[in-house]
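1. Provided below for reference: sequence and predicted model.
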Amino acid sequence: MDAPFSLRRLWAVVRDNRGFRRLYAANAVSQVGDWFNVVALFSLLVELTGAGQAVALALLTRFIPTFLAGPAAGVLADRVSRRTILVASDLWRAALVLCLLLIRSPGQVWIAYAVVTAHSVVSAFFDTAQTATYPTLVPPEDLPFAATLENSLWSVTLAAGSALGGLVLALTSRDVAFALDAASFLGSALLLARLPISKAQRHEGPANLLGLKDLRDGILYVVRHRRVRALLTVKASFGLTLGGALVLLAFFGEKVFQHGNGKGIAILWTARGVGSFLGPFAAFRFVGHDDRGLRRSIAGAFALLVFCYCGFALSPAIGWAACALLLANAGGSILWTSGSTLLQRLVPDAVRGRVAAAEMGGFMLALTASTLTVGVLLDRGVPPRALMAACGLVALLPLAFWISVQPAFQVTDGRAPE
């Protein structure tokens, strides 16, 4: 029977699971630095280029490499120590972020794209290993609480990091923000170095030296399990609405609402964080966290995205837009947390890295398509408000798909054989 949701129960998950607590602390350190970086980098690109397509390109250099590196990251996460992957990734990311200090003129903007591309490849390995690690650090009954804690941490660091990033830019410089991000990765690596080491799986035979058999087995697993396929599809489709919205947030903050030097971006991204934090708590209270409640949450989340992105498009001032964005991100957070919990309950540890890579790869592919489309249309003169409304309306497609696949989940409580 599912344990009742409460703040005390959430605290117990952190208190009673030392490995989870250490991973959680490491993420808290590095994610705050990440949002310093986002605010500083987007503000720098808008200042040096003045083009919405520059922000879109920066986002694409995050998304496309993650998609391409996903298969290798998934295989590696199921073959070697996940702790080793996490620590090595943090050290590489610290070194890469410091390269952003070299950018001083429009002619050096290429450095930002090169750094973000390499950073994204490394992050693909980190994120896949981390997603596969979480379920091994807590008992099965605590998975929805661990997913909520993971999401709430991302949300709090998004809000706090974006706000502090805007403050750092106002009081010091972008270089300070980049340096603090690099330091955060070093702190994270120190914490992760003491995680319980995961036992590497053995994959014998010359035919599997490159992990090709592992990759094939992972693909076959997804193909044969329709509920896993449905969850991967619906989580990926979230990127169709989110990618374009991320491009537009920088443009709305700096140009439409005319809050320059990163201030407008910081306000909107802070609102994203607050909404992301509150969303899963509200969903668990109203519909519960059993399998049926999680599935209903996903449907409600897509409906909320449609309504709130359209509301953002109609907002006359940044305050109203921030409120609409807060609610939209509450929906996105509910969708991601609920989908992750359902996947963790369905997928065995032996293939969890490869399924996590498929999950992230599909999501990044959809993000890429949305980001590229909106970036090009924005620079061709399509009104940003019309584009933001379109980002909301496109969520009607995954909503319809999710409703159509519910019979596959309703055979039992979501744990019956496929």
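-> Thanks, I have the structure now.
2. below-threshold pLDDT in the stretch 301-418 of the chain: ranges please.
-> Where the stretch 301-418 of the chain drops to pLDDT under 70, the residues are 411-418.
3. which stretches of it form helices?
-> 318-346, 352-379, 384-393, 396-404, 406-409 (DSSP state H, counting those that start in this stretch).
4. in terms of contact, does residue 351 touch residue 220 like I think?
-> No. The criterion here is Cβ atoms under 8 Å, and residue 351 misses it with residue 220 at 9.7 Å. In short, each C-beta sits where N, CA and C put it, glycine included.
5. looking at those two, which is more packed in?
-> Taking neighbours as other Cβ atoms under 10 Å, residue 351 and residue 220 compare with residue 351 leading, 21 against 11.
6. which residues does the more buried one contact?
-> Contact partners of residue 351, counting by Cβ atoms under 8 Å, 6 or more residues apart in numbering, are 78, 217, 218, 221.
7. now with 10 Å, please.
-> Shown in contact with residue 351 (Cβ atoms under 10 Å, 6 or more residues apart in numbering): 74, 78, 132, 214, 217, 218, 220, 221, 222, 225, 228, 358.
8. what residues are up against the first one?
-> By Cβ under 10 Å, 6+ apart, the contact list for residue 74 reads 124-125, 128-129, 131-132, 211, 214-215, 218, 351-361.
9. how many neighbouring residues does residue 216 have?
-> Neighbour count of residue 216, defined by other Cβ under 10 Å: 11.
10. where's it relative to residue 224, distance?
-> Note on residue 216: its distance to residue 224, by Cβ to Cβ, to the nearest Å, is 12 Å.
11. tell me, what's touching these two both at once?
-> Between them, residue 216 and residue 224 share no contacting residue, judged by Cβ under 10 Å, 6+ apart.
12. contacts only, for residue 32.
-> 153, 156-158, 160-162, 164-165, 180-181, 184, 187.
13. what's the neighbour count on the residue lying closest to residue 317 once chain neighbours are set aside?
-> Closest residue to residue 317 apart from its sequence neighbours, by Cβ to Cβ, 6 or more residues apart in numbering: residue 257 at 6.9 Å. A count of neighbours around residue 257, defined by other Cβ under 10 Å, yields 20.
14. surely residue 257 and residue 268 touch.
-> Yes. The criterion here is Cβ atoms under 10 Å, and residue 257 meets it with residue 268 at 8.6 Å.
15. list the contacts of residue 99.
-> Residues near residue 99 by Cβ under 10 Å, 6+ apart: 111, 112, 114, 115, 118, 119, 178, 182.
16. name the residues of whichever strand or helix holds the first one that are buried.
-> Taking DSSP states H and E as the criterion, residue 111 maps to helix 109-137. Taking 16 or more other Cβ atoms under 10 Å as the basis for neighbour counts, the residues of helix 109-137 that come out buried are 109, 112, 115-135, 137.
17. pull the distance from that helix to the chain's centre.
-> 11 Å (Cα atoms, centre = their mean, to the nearest Å).
18. helix, strand, or coil at residue 196?
-> coil (DSSP: H, G, I helix; E, B strand; the rest coil).
19. which one is it nearest to, not counting chain neighbours?
-> Going by Cβ to Cβ, 6+ apart, residue 196 has residue 19 as its nearest residue, at 4.8 Å.
20. what of residue 226?
-> residue 408 (5.2 Å).
21. follow-up on the earlier one: residue 191 versus the residue nearest to residue 196, what's the distance?
-> Taking Cβ to Cβ, one finds residue 19 at 11 Å from residue 191.
22. who touches both of residue 257 and residue 268?
-> 318, 321, 322.
23. if I pick the last one, what's in contact with it?
-> When you say that, I think you mean residue 322. Residue 322 sits in contact with 253, 257, 264, 267-272, 274-275, 312, 315, where contact means Cβ under 10 Å, 6+ apart.
24. same check, this time on the second one
-> Under the criterion of Cβ under 10 Å, 6+ apart, the neighbours of residue 321 are 249, 252-253, 256-257, 264, 267-268, 271, 311-315, 388.
25. mind giving me the PyMOL command for buried ones among those?
-> Buried residues within those, by 16+ other Cβ under 10 Å, are selected in PyMOL with:
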select buried, resi 249+252+253+256+257+264+267+268+271+311+312+313+315+388
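26. out of the contacts of residue 321, the closest to residue 233 would be?
-> Proximity of the contacts of residue 321 to residue 233 (Cβ to Cβ) peaks at residue 388, which lies at 24.3 Å.
27. how about the contacts made by the closest one?
-> By Cβ under 10 Å, 6+ apart, the neighbours of residue 388 are 244-245, 247-249, 251-252, 256, 309-315, 321, 324-325, 374.
28. one step back: just put the helices of the stretch 301-418 of the chain in a markdown table and tack on distance to residue 285.
-> Putting the helices of the stretch 301-418 of the chain into a markdown table (distance: least, Cβ to Cβ, whole Å) gives the following:
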| stretch | distance to residue 285 |
| --- | --- |
| helix 318-346 | 11 |
| helix 352-379 | 26 |
| helix 384-393 | 25 |
| helix 396-404 | 21 |
| helix 406-409 | 22 |
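29. any idea which of those helices gets closest to residue 70?
-> That would be helix 352-379 among the helices of the stretch 301-418 of the chain, by Cβ to Cβ, at 3.6 Å.
30. could I get the buried residue list for stretch 228-237?
-> Across stretch 228-237, burial judged by 16+ other Cβ under 10 Å covers 228, 229, 230, 231, 232, 234, 235, 236, 237.
31. so where's this structure shaky on pLDDT?
-> Under the criterion pLDDT under 70, the flagged ranges of the chain are 1-6, 50-56, 59, 158-159, 197-212, 258-262, 411-418.
32. how about 50 then?
-> Scanning the chain for pLDDT under 50 picks out 1, 200, 202-207, 209, 412-418.
33. you'd agree residue 58 is up against residue 111?
-> No. Using Cβ under 10 Å as the test, residue 58 is too far from residue 111 to be in contact (11.7 Å).
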